[in-house]
Structures are given as C-alpha cells and as structure tokens.
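Undergrad: Below are the sequence and a predicted model for it; my questions follow.
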Amino acid sequence: MADVIIGSSIAKDERRRRAPLPVRLARGYRTEGAIAAAILVILFVVSFWSPHVLTWGNLANIAQASAPLILMSLGVFLVIATSGIDLSVGSTFSLTGMVAGLALSSGLAWPLACVASLGVGLGVGAINGGLVTFAGLAPFVVTLITYAIGGSLAFVITDGHSIAILDPDFWLLNGGEIVPGVANFFLFCAVAVIAVELALRKLVLGRWIYAVGSNDKAARLLGIPVRGVRFGVYVASGLAASFASLLSLSYISNSEATSGANLMLQAIAACVIGGASLFGGTGSAVGAMLGAVMITVIQNGVNLVGINSFWQGAVTGCVILIAVLIDRVTKLRS
C-alpha cells in the first residue's frame, strides 16, 4: 500500500514537472495572480470616476512612484520570511535621504554620495541583526528602538530643515537609462525582484530563509546557520531601505526628515497583501512587489477621484485587514 502511495506521488510530481511553463507558473503563483487581477479591477473601477487613470502617463507615474516602495518591501519581506519584523525601515529611509542631501550639498559627486549614504542602511541593518541574533532581543523591540533613534537623527543632523538637491545629474539615478529604452527605476526593481525570487526558489539560501521562518529550532538541528541567515536579512532590509531612499530622492530632488514616516507601514502592508505571513516561512518577492504596486494604485486612485488624502491611511489599513483575514481563513481551511 505504501509503495502504491509513493508511486502515485512520484507520478504526480512528474506530471507537474512536464506541464507547460505557463501552467506551472499559474499553479505556483496563484496568490500573486489574484493580486494582479485585483490591481486591474481597482484601475478599472477608478476609471469610471477619472478616465485619466488608464492613460500611459498616469501608469508611468504609478510605476515610478511605486519603485522605492517595491525595493523597501523586498527587504522587509526577507525579514518577515524569517518570522522577524523590521520597524526601522521608515526612519532609515529618512536618515539616508538627509545624509545624502548633506553630502550632495557639500559638493560630493553624486555616485560617491550614494555609496556613503548606503552606509546608513548597512549600519542600521547590522545593528538590528546583531541585537536580534547575537544579543537575543526581540525583533519588535530592537527595530522599534532603531526606528526612534533613526527618526530623531534625521531631524538632528539638519535641524529639521529640508535640503534641495541641486546636482543637475543626480536625476540619472532614477530617470536615466543604463539599458537604452529602459528607465533605471524600472530596471532596478525588475533586477531586484527577479534576483530575490530566483534566490528564494533556486538557491540553498532561499530554502534556509523559509526554513528559519517556519521553525528555527528544527532549522538549527538541520545544520542551517540560523544566526547568519537572520543577520543577513536585516542587513539586506537596511540596504534596501537606503537604496529606496536614494531612488526617491533622485525623483523628487528634495530631502525631508519625514520622508519615510509612513513607509514602514506601507512596506509591511505590501508584504502581507502579497501573501507573506507575519509568522514567517511563506510569501514571495513577486507578491511583495505586487502588494507595493497595489498600495500605490490605491493612493493614486484616491487622489484622482478627489478623496481627501487623509483617508489614504485608513484605506491602506482596511486593505491590510482584508489581507490578514484572507490569510487566516486560508490557513484554517488547510
């Protein structure tokens, strides 16, 4: 009987591997497909109030506006996949922007200013990872502390003043074209999403990340370097937040100490909407990307319809609640 069951399972796996690529992708990305469909529905519904929503110019604006959130969400997703949380990404975003603004205003060439500013994310990520993995502190407490300190430092270093970016070439980071015909913001997001998704699905490191999020004790018994994995994802999250800040700064050309105030909630929301569980072990980079796009589409729709922008937070919160409830119902059924 056992041989029959094993044989049947092997046959099913073989049929799945032989299925055409579109079929395999549809099976493997059901949640992501549903999110993509929901984005299209939102765009279609909003178009009844504002036909401008489906124009090429508005869709390009949505893509460009969502790029920083996509990059930040990828870093946050890696932390969430290991059953952690990173509340510091918003203040890391703000602090990076202020450091970059100071570096550029002092005359430093923008590529060097970017490299120096990435040190903010590297430092914050290393502090978070070190305190969580080696000091054994709770991720919520650690990242809440670095969130508060980073947000405060963003005001302190410039006395709360905004910094206008006057370097005429800095816009190239966001709007330039390393690959002819492809804007940099799109290229960076595409490369980041593909790289993270392939790493999670094809590399041993990806299996380690999911294993640590599912059961860190079992992962440790299997010989997985749990501490190293956790430390690495926090560093990756910090770097992603810093790079997202530089991409945004290149777009708006003005550094504000409060620029990342709301992005922490949005990044976590993007991951949850994209199918990641706050308990770890699930989700995908594609889902995090689509979650970020959905949030941007909702914000864009609220503005085009003419709804008071103060409602954006409430709408985002409701979307998070619906995503969490769906995740909960799905787990109960399984």
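TA: Ah, there it is. Numbers count the residues shown, from 1 in each chain.

Undergrad: And residue 302, how far from residue 92?
TA: For residue 302, the distance to residue 92 equals 26 Å [C-beta to C-beta, to the nearest Å]. C-betas here are computed from N, CA, C, even on glycine.

Undergrad: Equivalent analysis for residue 307, please.
TA: 30 Å.

Undergrad: More neighbours: which of the two?
TA: residue 92 (35 against 13; other C-beta atoms under 10 Å).

Undergrad: residues contacting the more buried one?
TA: The neighbourhood of residue 92, defined by C-beta atoms under 8 Å, 6 or more residues apart in numbering, consists of 120-121, 124-125, 146, 150, 238, 241-242, 245, 260.

Undergrad: and if you look at residue 129?
TA: So residue 129 contacts 230-235 (C-beta under 8 Å, 6+ apart).

Undergrad: Check residue 215 too.
TA: Residue 215 touches residue 281, counting by C-beta under 8 Å, 6+ apart.

Undergrad: Quick check: the gap between it and residue 139.
TA: 17 Å.

Undergrad: repeat for residue 237
TA: 11 Å.

Undergrad: The two: which is more packed in?
TA: residue 237 (32 against 22).

Undergrad: ok, and the closest non-adjacent residue to that one?
TA: residue 75 (3.6 Å; C-beta to C-beta, 6 or more residues apart in numbering).

Undergrad: what's the neighbour count on that neighbour?
TA: So residue 75, with other C-beta under 10 Å, has 31 neighbours.

Undergrad: next one: residue 252
TA: Residue 252: 15 neighbours (other C-beta under 10 Å).

Undergrad: now the one 4 residues further on
TA: For residue 256, the count of nearby residues is 19 (other C-beta under 10 Å).

Undergrad: quick one: buried residues of the host helix or strand of residue 213?
TA: Element membership for residue 213, per DSSP states H and E: helix 204-214. Neighbour counts over helix 204-214 (16 or more other C-beta atoms under 10 Å) mark 206, 208-214 as buried.

Undergrad: what about the strands in the stretch 101-250 of the chain?
TA: 163-164 (DSSP state E, counting those that start in this stretch).

Undergrad: so where's it shaky on pLDDT?
TA: Along the stretch 101-250 of the chain, no part satisfies pLDDT under 70.

Undergrad: how about a cut-off of 90?
TA: 105-107, 136, 157-168, 175, 181, 216, 222 (pLDDT under 90).

Undergrad: on that earlier part again, quick one: distance of the helix holding residue 213 to the chain centre.
TA: Its chain's C-alpha centre and that of helix 204-214 lie 18 Å apart, by C-alpha atoms, centre = their mean, to the nearest Å.
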